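In: could you look at this predicted model? Sequence included:
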Amino acid sequence: MTSQAISPSDERELETISAILPEGATIHAWIKASHGAAPGRLTAHAEGNAAGTVETSNPHEFEFRLLTLERGGETVFSYDPTTTEVSVLYAFRQSRVLEEGIRLLHVRPSNATPDVPGGYHFRPPFGWMNDPNGFGRFGGKLHLFYQHYPHSLRWNNMHWGHAVSDDYLRWTHLPIFLPPSDELAAQADGRGGAFSGSAIALDGSGIRIFFTEHMKDREPEEQVQFTATSRDLVNVEPASLILPARPTGLGLTTDFRDPYVFSGPDGKWKMLLGTRDREGGVILLYETDDPAAATGWTFLGMLHRENRFGMTAAECPCMVPLDGPAGDPSTRWALIFGLLTSRDPATGRRNMTTATVGRFDGQQFSMEFEQELDFGTDAYAFQAFVDEDGPVGIAWLANWTDISREIDMPTAMTLPRRLALRNGALITPPVSGAESLRRHRLDVGGLLEGQAVDLANGSIEILLTLKEAGNAFRLEFEHSEATVVVQLNDDGLSIPFSVANAKTSPRYIAAGARPSTIRIFLDAGSLEVFADDGRWTGTKRLPGFKGVRAVRLSAPEGNMLAAEIWQLGL
């Protein structure tokens, strides 16, 4: 709770933040000096007794400060708003944080995330979010790290946020995991930070993370690779530089990022990195003999090139075995990566994500086929790992084409998705636990009769079963800021989409698709389409922070066999 109080010592009006906190609580605060004339200062009192003060003289960016409460009870944090700004303040118990998470005490309005009643997609507790990082199961829990800027709803110098889950769907927010270096954190100038990466389990306990440090205009390398460890899965130890430079002699640009580390078929740790040359996007392969993956990384060569879209940067690569154990030579692997700045000339879509499937022997990748991961293109920076029941991945529910400095966006992650081979294609259906989101059925009688059906808060799952594969239909959604449709016709499965005053809109289409079942998830800010159990998947970010209000179905008589609508919620 934030309020105002008069300081008896100098009669200045102070802002106060009050909470009942336990003894030994850890406090994370980000504060800034409002100007250079006086330091920024945040003071804590527990049960009326002084409990600590933190300060900063930096007027350019919020700086992290740590407090530990020796006694619990009514705790009041106070600061002078004429000298001090507080961006984020939260508390947690170190011994229980993986179970309880953080307790958010204060966020400025300018970096507070929108209230989305009934929303079920992962969202950060504050600030900006993009790529998933270090997605995996560690210490018995699912961990999701992500690209994060805490102090604004815009991209800026990158941190890693952190959350845990038991079921992929219900997440507990943890303390910010990885900040930028001190040099990069000194100003909010967007120079770089702790860019994307991955995580592996350490023997015994804990994790090792890998990430790119980006520093704009640094010579000779803007992007270099670091590793760090966390023994308790919450606090990260100092990072070490492991790859200080790109491979030479290959004509690569300064793009050199997003280390994805995994165990190869020969039992050695492998690392993928994204880059580009003048022909297109390139995936690089490294390996190490070090069982801890801490040192000894050597370059093996170019693993894959994608040159159909010109000089695009391959980024956020990942690689998982699909239909067997990693060590079996007959196992097929999926190599998945985004293509930054790519443009499909046939549809006008940008920043596509490609999935290539083939054999991997630890040194070479032999492609058997490739397909687009998502025809809606708003499932970007996809990252996967092999869980207990097979590979699972998640993506940023957005596309860099839609990002602007003026418009806030409902930043979120996609529903987590399984990966499997079926009938010569890669399928990516939602995780099976998605059914647990269902709260109650909505009446579909009006839907089948062509009437508009109210969708309440817009947190909805729609299931359509066609009498024959490829039967035509059209679903029109009522949205306050966009024209949104899902349709199937002779051209294929598509998401016709447009916003007012847009010059042109890309065609979001799975050309030639002829599914027999369609599963659609709607939430505030998003639409996800899974056809034939994820054989064709289309994800589209919707503008604003409100859900779809209603839906209307039109289809030739006899084309539709069944329809269901479920109200969803966490």
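Out: Arrived safely.
In: going forward, measure contacts and count neighbours with C-alpha atoms only.
Out: Noted.
In: the strands in the stretch 151-300 of the chain, which residues?
Out: Listed in chain order, the strands of the stretch 151-300 of the chain (DSSP state E, counting those that start in this stretch) span residues 159-165, 171-173, 192-201, 207-215, 223-230, 240-243, 257-263, 269-276, 281-288, 298-306.
In: and those as CSV, adding mean pLDDT?
Out: Output for those, formatted as CSV (pLDDT from 0 to 100):
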stretch, mean pLDDT
strand 159-165, 98
strand 171-173, 98
strand 192-201, 98
strand 207-215, 98
strand 223-230, 98
strand 240-243, 98
strand 257-263, 98
strand 269-276, 98
strand 281-288, 98
strand 298-306, 96
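In: closest to N351 out of these?
Out: With C-alpha to C-alpha as the criterion, N351 lies closest to strand 281-288 of these, at 11.8 Å.
In: tell me what that closest one is packed against?
Out: strand 269-276, strand 298-306, strand 313-321 (3 or more C-alpha pairs under 8 Å, 6 or more residues apart in numbering; DSSP states H and E).
In: now it against strand 269-276, angle please.
Out: Orientation check (axes from the mean of the first three to the mean of the last three C-alpha atoms, to 10 degrees): strand 281-288 against strand 269-276 gives 160 degrees.
In: buried stuff in strand 281-288?
Out: Residues G281, V282, I283, L284, L285, Y286, E287, T288 are the ones in strand 281-288 that count as buried (16 or more other C-alpha atoms under 10 Å).
In: residues touching the third one, list them.
Out: Listed by C-alpha atoms under 8 Å, 6 or more residues apart in numbering, the contact set of I283 reads L272, L273, G274, T275, M302, L303, H304, R305, A314, P317.
In: repeat that for the first one.
Out: Residues touching G281, when contacts are defined by C-alpha under 8 Å, 6+ apart, comprise G274, T275, R305, E306, N307, M311, T312, A313, A314, L339.
In: any idea which of these has the most stuff around it?
Out: The residue in the contacts of G281 with the most neighbours, by other C-alpha atoms under 10 Å, is A314 (33 neighbours).
In: who's that residue bridged to?
Out: For A314, the beta-bridge partners are L339 (DSSP bridges).
In: other residues contacting whichever strand or helix holds V529?
Out: Assigned by DSSP states H and E, V529 belongs to strand 526-531. With contacts defined as C-alpha under 8 Å, 6+ apart, strand 526-531 is touched by 397, 429-430, 515-522, 536-542.
In: contacting residues around the residue nearest to R108 when sequence neighbours are not counted?
Out: Distance criterion C-alpha to C-alpha, 6 or more residues apart in numbering; nearest residue to R108, sequence neighbours excluded, is S87 at 5.4 Å. Listed by C-alpha under 8 Å, 6+ apart, the contact set of S87 reads A29, W30, I31, K32, F62, H106, V107, R108, N111, H151.
In: in these, which has the lowest confidence score?
Out: Among these, N111 has the lowest pLDDT, at 92.
In: returning to what we had before: now tabulate the contacts of G281 in TSV and tack on distance to M560.
Out: Formatted as TSV, these follow (distance: C-alpha to C-alpha, whole Å):
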residue	distance to M560
G274	44
T275	46
R305	43
E306	40
N307	41
M311	44
T312	42
A313	43
A314	41
L339	37
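In: tell me the one among these nearest to I565.
Out: Closest to I565, out of all of those and judged by C-alpha to C-alpha, is L339, at 35.1 Å.
In: wouldn't that closest one be in contact with P317 here?
Out: No: using C-alpha atoms under 8 Å, L339 makes no contact with P317, being 9.8 Å away.
In: now do the contacts for the nearest residue to G36 once chain neighbours are set aside.
Out: For G36, ignoring the flanking residues on the chain, the nearest one in space by C-alpha to C-alpha, 6+ apart is P59 at 5.9 Å. Neighbour list for P59: K32, A33, S34, H35, G36 [criterion: C-alpha under 8 Å, 6+ apart].
In: out of those, who's nearest G358?
Out: K32 (51.4 Å).
In: doesn't the closest one belong to a strand?
Out: Yes: membership of K32 in a strand is supported by DSSP: H, G, I helix; E, B strand; the rest coil.
In: do you know how far it is from T53?
Out: Distance, K32 to T53, using C-alpha to C-alpha, to the nearest Å: 14 Å.
In: the more surrounded of those two?
Out: Using other C-alpha under 10 Å as the criterion, K32 and T53 rank with K32 on top: 24 against 16.
In: does that one really touch T56, like I thought?
Out: Yes: the pair K32 and T56 qualifies as a contact (C-alpha under 8 Å) at a distance of 6.3 Å.
In: between those two, which contacts overlap?
Out: By C-alpha under 8 Å, 6+ apart, K32 and T56 have these common neighbours: G40, E63.
In: ok, now which ones touch S494?
Out: S494 neighbours (C-alpha under 8 Å, 6+ apart): V486, Q487, L488, R507, Y508, I509, A510, A511.
In: okay, now the domains of the chain?
Out: 2-95, 432-568 (automatic domain parsing).
In: tabulate the ones you listed in JSON lines, adding columns for distance to R359.
Out: Shown next, in JSON lines, are those (distance: least, C-alpha to C-alpha, whole Å):
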{"stretch": "domain 2-95", "distance to R359": "44"}
{"stretch": "domain 432-568", "distance to R359": "21"}
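In: so which of those is nearest S240?
Out: domain 2-95 (21.2 Å).
In: parallel or antiparallel, which strands does the helix or strand where V386 lies pair with?
Out: Element membership for V386, per DSSP H and E: strand 380-387. Applying DSSP bridges, strand 380-387 is found paired with strand 390-396 (antiparallel).
In: what residues of the partner strand count as buried?
Out: Buried-residue list, strand 390-396, by 16+ other C-alpha under 10 Å: G390, P391, V392, G393, I394, A395, W396.
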